[in-house]
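**Q** make a model of this:
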Amino acid sequence: MRARRGSAMVELSLVGTLFFALLIGIMDMGQFLFLQQAMVERVRTAARWGAVTDPSNTSAIQNMVLYLQPATPVNGTASFGLTRAMVSVSTADSGTDDYRLIIRVSGYSYNLLTPYLAGSYKGVPISMSVPLGRY
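**A** Numbers count the residues shown, from 1 in each chain. Here you go, the predicted model:
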């Protein structure tokens, strides 16, 4: 009788450890996917805004990525730990049919809690190009 109770505790500890490691891994993957999609959506929003308003106003387009508004807010705190140095805005082929607005976000980081993978990692650079040429 006594050996069975002990084996149940050992089995529970092994299975429970694996279960919680998988649960933390699922949460980490969800956090990563949320952050990636939120960054892509911010860049898309800024690209659309810049294409409609003024593609040469790089400061306002950077603010759209950082703060979701063209002007720097009073508190000046960007979400997701972004800084102005992480956002680059450029226009290519001005005055031609290939004229386009290019926004790139790089150097942002995310944290993992999964055992053996825990730490801070750099996200994949996100780049968006919006055509501005004549049609």
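**Q** residues near the residue lying closest to residue 69 once chain neighbours are set aside, how many?
**A** In space, and not counting its chain neighbours, residue 69 is closest to residue 63: 6.4 Å by C-beta to C-beta, 6 or more residues apart in numbering. (Glycine included, C-beta is placed from N, CA and C.) A total of 21 residues lie near residue 63 under the criterion other C-beta atoms under 10 Å.
**Q** would you confirm that residue 63 contacts residue 78?
**A** No: using C-beta atoms under 8 Å, residue 63 is not in contact with residue 78; the gap is 9.0 Å.
**Q** overlap in contacts of these two?
**A** Common contacts of residue 63 and residue 78 (C-beta atoms under 8 Å, 6 or more residues apart in numbering): none found.
**Q** the residue nearest to residue 69: which element?
**A** Taking DSSP states H and E as the definition, residue 63 sits inside helix 58-67.
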